[in-house]
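Student: Below are the sequence and a predicted model; questions follow.
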Amino acid sequence: MSYQGLYRIILILSFLCLWVSTRISEDWENGLGLVLILSIGVIHGANDVRIHLNKSERSTKRILSFILKYIVVVLLGTIGFFLSPQTTLGLFILVSGYHFGQEHFEKYQLPTSWKNNLFVAAYGLLILLMLFKINSSQSLNVINEIVSMNITEQQLYYALLATCVILVTTGAYQLRGLPLKTIAKELLYLAVIFIIFNTSSLLWGFAIYFVLWHSIPSMYTQITFLYGDSNQSHVWSYIKYSSLYWIASLIFLGVLYFFLQERTQFLLTIIVAFLGGITFPHVFVMDKMIKKT
């Protein structure tokens with residue numbers, strides 16, 4: 001399957017998710033969103049060891065060394081949310097934005113440069129800030145609780161406006177070699193994502209984007225990188241290899257929920273901190289993989 005065919009499927013599934021959101025309550029949306037994030041969303045980051053180390057490097061010593069470093073970075077990132085939540089959350093959003101944008105435009109193999117890094121980061125930040133701004137009452141409650149600040153909707157608007165300016169300025173340079181038809185498709189994708197965010201709850205909107213528009217294309221790229229193509233047997237091999245990591249993550253989150261279910265806000269902070277901690281080393285591995293392709 002080509003990227004073009006993959007994105008056709010993503011568009012169809014996106015409109016299916018929009019239809020589902022008109023048929024279920026917000027509580028069901030949130031529940032279904034969590035299921036998608038904790039299944040496909042978690043699985044898409046479960047092959048970092050294999051991606052980082054090529055076959056000739058996969059000795060027990062090198063694998064254990066990488067896993068140890070990975071765990072240390074996760075722990076440092078997680079602890080950072082408690083020691084310096086403002087700085088760590090800001091870094092988390094910036095890194096996530098870069099990662100989302102880099103993965104999305106990887107299929108075009110744009111020249112690597114600081115301008116490209118700024119462009120893909122602006123694209124990913126546009127997605128996140130658009131989600132936050134559209135669902136400002138929900139998102140600001142969560143963000144302000146984590147960082148113990150009073151970020152306003154107006155500040156979100158100015159951040160979104162600045163990001164749009166950077167995206168348009170850098171995009172005019174970075175995308176100048178692409179056909180107008182391709183640029184039109186990218187604008188269509190942004191319009192669809194905007195509609196999704198406008199018609200969904202914060203969690204359901206994020207789940208649709210994170211799973212359909214980020215995780216699935218990322219898995220497609222990873223499978224192609226690891227196996228040479230993305231046929232059905234390779235997809236199943238990828239999923240089977242990811243299953244242990246996935247189960248371990250679910251057990252960890254299940255234990256957290258069992259002990260902290262009465263302390264909702266603290267539980268949410270722990271989960272955000274844990275996901276943030278995982279994001280930092282994962283982005284490093286994906287950045288290295290994309291630059292190898």
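Tutor: Perfect, thanks for sending it.

Student: quick one: the helices in the protein?
Tutor: 3-21, 26-36, 42-43, 48-52, 60-83, 85-105, 114-134, 136-147, 153-174, 180-199, 202-208, 216-227, 232-260, 264-292 (DSSP state H).

Student: which of these sits most buried?
Tutor: Highest mean neighbour count among the helices of the chain (mean count of other Cβ atoms under 10 Å): helix 202-208, with a mean of 24. C-beta: built from backbone N, CA, C; applies to glycine.

Student: For that helix, output the C-alpha coordinates as CSV.
Tutor: Output of helix 202-208 as CSV, limited to C-alpha atoms (Å, rounded to 0.1, in the frame of the first residue of the first chain):
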residue,chain,number,x,y,z
LEU,A,202,-11.0,17.2,23.8
LEU,A,203,-10.0,13.6,24.4
TRP,A,204,-11.9,12.1,21.4
GLY,A,205,-10.5,14.7,19.1
PHE,A,206,-7.0,14.1,20.3
ALA,A,207,-7.5,10.3,20.0
ILE,A,208,-8.7,10.5,16.4
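
Student: So which other helices or strands are in contact with it?
Tutor: Counting contacts by 3 or more Cβ pairs under 8 Å, 6 or more residues apart in numbering; DSSP states H and E, helix 202-208 packs against helix 3-21, helix 26-36, helix 114-134, helix 180-199.

Student: Repeat the analysis, applying 6 Å as the threshold.
Tutor: Packing partners of helix 202-208 (3 or more Cβ pairs under 6 Å, 6 or more residues apart in numbering; DSSP states H and E): helix 26-36, helix 180-199.

Student: quick one on the thing from earlier: make CSV out of the helices of the chain and add mean pLDDT.
Tutor: Formatted as CSV, the helices of the chain follow (pLDDT from 0 to 100):
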stretch, mean pLDDT
helix 3-21, 88
helix 26-36, 81
helix 42-43, 78
helix 48-52, 79
helix 60-83, 82
helix 85-105, 90
helix 114-134, 94
helix 136-147, 82
helix 153-174, 92
helix 180-199, 93
helix 202-208, 89
helix 216-227, 88
helix 232-260, 76
helix 264-292, 73
